[in-house]
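Visitor: need a 3D model of the following:
(2 chains)
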Amino acid sequence: MKSLAELQAIKEKMKDKVVLREGSNEIRVVVGMATCGIAAGARPVLNAFVEGVNNNGLSEKVSVSQTGCIGICQYEPIVEIFEAGKEKVTYVKVDAEKADRIVKEHLKGGKVVAEYTLASVNA
Amino acid sequence: MKEISLNILDIAENSVKANAALTEIDITEDNERIILTITDNGNGMTEETLKTVTNPFYTTRTTRKVGMGLPLLKLEAEQTGGSLEISSKHISQFPDNHGTVVRATFYKNHIDCTPLGDVVASITTLIQGHPDRDFLFTHSFGEKTVSLDTRQLREVLEDVPLDSYEVIKWVGEYLKEQYTA
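Guide: Just a heads-up that it's a prediction; the model follows:
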């Protein structure tokens, strides 16, 4: 059974990491979580990024956060990726599987998954 | 919405946007009904805003001119024979006890009742997105009550942020265990 004592152990383990993590995120993953995004399936997408970033050892480099409506609701779930010195990448109609691929190829491998981007939909 | 739990996530976002330090999410089930109550201590709404808030053409967002969150919840509740009630105290008139209460009643045996869905995923998602806010979650059904209070977690965690992967993971498992225990 999970207990608050177990949470205490997590705290002890994390304490030293916290200082290290602050400000070190080079890549920001932002998932649209307004009504439109949630209705289109953003919750499992967000979860896939949170899991994927952790499981691929990217937590030091990548942060995952939520935002409101991005304004192109017909393309939800939408995920934007911000990286210093690079142009923003907008992924559209993302699902958990696509999220896994984006984590592996883009966040880990550094290569944009072109076929999932807004640019490719509009092309 | 495919699940009531997704409405919960959506409506609780309104509380966060209204600057609520604490948002209480309560689900109480009996044999007939699912009663969802979201209570926050945010800025609240004026009477005028309150009148228009279930109109899809009212929204606080700036990127589009429609807001579907509360209208959707109202529709989903009413299509089961239930209802949506909202009361609110705006900060301008109630500087000390402002906030909003949204209560949706669903008749769960009605064929059009949306399933409750993955409530645990919605709670972990809320905490992940808003580690600086507090959430009190309670779900009562039969003899059982599942609960989580982020203020308690914060006391234990001190400086460790609530959106740390390990903490979010723990919260999910902690809630799931309460459901299956």
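
Visitor: mind picking out the helix or strand in chain B with the poorest mean pLDDT?
Guide: helix B:47-52 (a mean of 86; mean pLDDT, DSSP states H and E).

Visitor: what helices or strands is whichever helix or strand comes after that helix leaning on?
Guide: Counting by DSSP states H and E, the next helix or strand C-terminal to helix B:47-52 is helix B:69-78. Judged by 3 or more CB pairs under 8 Å, 6 or more residues apart in numbering or on different chains; DSSP states H and E, helix B:69-78 is in contact with helix A:35-40, helix B:4-17, strand B:83-89, strand B:99-107. Where you see a C-beta, it was placed from the backbone N, CA and C, and this is true even at glycine.

Visitor: buried deepest among these, which one?
Guide: Greatest average neighbour count among the helices and strands packed on helix B:69-78 goes to helix A:35-40 (a mean of 25), per mean count of other CB atoms under 10 Å in any protein chain shown.

Visitor: who are the packing partners of that helix?
Guide: helix B:4-17, helix B:69-78.

Visitor: if we can go back for a sec, tell me which residues are up against the least confident helix or strand of chain B.
Guide: Residues outside helix B:47-52 that contact it (CB atoms under 8 Å, 6 or more residues apart in numbering or on different chains) are B:Y58, B:I86, B:S87, B:S88, B:H90.

Visitor: which ones are touching the nearest residue in space to the last one that is not next to it in sequence?
Guide: Just to be clear, that refers to B:H90. Once flanking residues are discounted, B:H90 sits nearest to B:G44: 4.2 Å by CB to CB, 6 or more residues apart in numbering or on different chains. B:G44 sits next to B:A18, B:S88, B:K89, B:H90, B:I91, B:F94, B:H98, B:G99, B:T100 when contact means CB under 8 Å, 6+ apart.

Visitor: what's the helix or strand for B:G44?
Guide: Judged by DSSP H and E, B:G44 forms part of no helix or strand.

Visitor: also B:T23?
Guide: For B:T23, the host element (DSSP H and E) is strand B:22-29.

Visitor: close to chain A, is that strand?
Guide: No - Strand B:22-29 does not reach chain A (CB under 8 Å from any CB of the partner chain); its nearest approach is 14.9 Å.

Visitor: that strand: partners in the sheet, and parallel or antiparallel?
Guide: Strand B:22-29 pairs in its sheet with strand B:33-40 (antiparallel), strand B:134-141 (parallel), by DSSP bridges.

Visitor: deepest-packed of those strands, please.
Guide: Most buried of the strands paired with strand B:22-29, by mean neighbour count (mean count of other CB under 10 Å): strand B:33-40, with a mean of 21.

Visitor: three-state assignment of the residue lying farthest from the centre of chain B?
Guide: Most distant from the centre of chain B: B:D159, at 25.8 Å, with distances by CA atoms, centre = their mean. Put simply, B:D159 is coil when judged by DSSP: H, G, I helix; E, B strand; the rest coil.

Visitor: check A:F49 too.
Guide: At A:F49 the chain is in helix, as set by three-state DSSP.

Visitor: need the pLDDT of it.
Guide: Looking at A:F49, its pLDDT is 97.

Visitor: who's in contact with it?
Guide: By CB under 8 Å, 6+ apart, the neighbours of A:F49 are A:V29, A:V31, A:V64, A:V79, A:A99, A:I102, A:V103.

Visitor: under the pLDDT cut-off, which ranges of chain A? List them.
Guide: Residues of chain A meeting the criterion pLDDT under 70: A:1, A:17-24, A:123.

Visitor: what residues does it have near chain B?
Guide: Proximity of chain A to chain B, by CB under 8 Å from any CB, involves residues A:1-2, A:4, A:6-8, A:10-11, A:13-15, A:18, A:33-36, A:38-39, A:43-44, A:46-47, A:50, A:53-54, A:59, A:64-66, A:68-71, A:73.

Visitor: what subset of those residues is buried?
Guide: Buried subset of the residues of chain A next to chain B (neighbour count, 16 or more other CB atoms under 10 Å in any protein chain shown): A:2, A:7, A:10-11, A:14, A:33-36, A:38-39, A:43-44, A:46-47, A:50, A:53-54, A:59, A:64-66, A:68-70, A:73.

Visitor: ends of stretch B:45-57, what's the gap?
Guide: 16 Å (CA to CA, to the nearest Å).

Visitor: and it, which residues are buried?
Guide: Buried residues in stretch B:45-57, counting neighbours by 16+ other CB under 10 Å, are found at B:M45, B:L50, B:V53, B:T54.

Visitor: same deal with stretch B:154-164?
Guide: B:R154, B:V156, B:L157, B:V160, B:L162, B:D163, B:S164.

Visitor: can you redo these as JSON lines with distance to chain A?
Guide: JSON lines is the format used below for these (distance: CB to the nearest CB, whole Å):
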{"residue": "B:R154", "distance to chain A": "10"}
{"residue": "B:V156", "distance to chain A": "5"}
{"residue": "B:L157", "distance to chain A": "5"}
{"residue": "B:V160", "distance to chain A": "5"}
{"residue": "B:L162", "distance to chain A": "11"}
{"residue": "B:D163", "distance to chain A": "9"}
{"residue": "B:S164", "distance to chain A": "6"}
